[in-house]
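>>> With the input below, show me the fold.
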Amino acid sequence: STHCISSAASDVYKRQPVLSCIHEISTSNVQLDSDGDIANYTMTVPYLTELIKFTAVNSNDIALMPLISQYCQKLESIDILENSTATPVQLLQLAQNCRHFHFLFISNELFFTDEFIIGLAERCPTLQQLYISGFSVYNTITDASLLALSEHCIQLCELDLTNFTQLTESAVLQLSLIHI
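A predicted model of the protein is given here:
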């Protein structure tokens, strides 16, 4: 049987030129010193399917996200934590490039907008689970986001938008009727 590494620390790629078995990385442990290190790191994990705890460590994740989008096209899931420096534009590009992408957990209020959710729905028809956790004083996710999800994400089976009070019962009902 094949034994694959389930997580990686920052210096793993330096010891092994191609880490084709890595499937899961927590970026909260990644300490990369230069842009060259960041590029090398992402190019060594072409079979990455899960990115957990995507969070800022010396602002590496703002540089990592475009490279992950380019080199890790088998990515299926990602967790974006509240202190991540990744941007909504970067995540939308990743969703477009990674055709197997189906799970997203976000607790960063930069992503709590209709513009982002609608863009995600349009670019990610394979989305099955979406969790947007946290509280935003802006509270800008509305029925338009639910309608886009119901139109574009026919495989969606789990959705958590608990703290967003601008959503109406009729939009929630429409989404649930489509996904029964």
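>>> can you pull out the helices in this protein?
Using DSSP state H, the helices found in the chain span residues 12-15, 35-43, 60-71, 88-97, 114-123, 143-152, 169-178.
>>> Give me the local confidence score for His100.
Here the pLDDT value assigned to His100 is 90.
>>> rewinding a little: of the helices of the chain, which approaches Glu82 most closely?
Nearest to Glu82, of all those, is helix 60-71, at 12.3 Å by Cβ to Cβ. For glycine as for every other residue, the C-beta is placed from the backbone atoms N, C-alpha and C.
>>> so what does the closest one touch, helix or strand wise?
Under the contact definition 3 or more Cβ pairs under 8 Å, 6 or more residues apart in numbering; DSSP states H and E, helix 60-71 sits against helix 35-43, strand 50-54, helix 88-97.
>>> 7 Å instead?
With contacts taken as 3 or more Cβ pairs under 7 Å, 6 or more residues apart in numbering; DSSP states H and E, helix 60-71 sits against helix 35-43, helix 88-97.
>>> related to what we said a few turns ago, now render the helices of the chain as JSON lines, adding mean pLDDT.
Formatted as JSON lines, those follow (pLDDT from 0 to 100):
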{"stretch": "helix 12-15", "mean pLDDT": "41"}
{"stretch": "helix 35-43", "mean pLDDT": "60"}
{"stretch": "helix 60-71", "mean pLDDT": "74"}
{"stretch": "helix 88-97", "mean pLDDT": "92"}
{"stretch": "helix 114-123", "mean pLDDT": "96"}
{"stretch": "helix 143-152", "mean pLDDT": "93"}
{"stretch": "helix 169-178", "mean pLDDT": "82"}
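>>> I appreciate the help and will end here.
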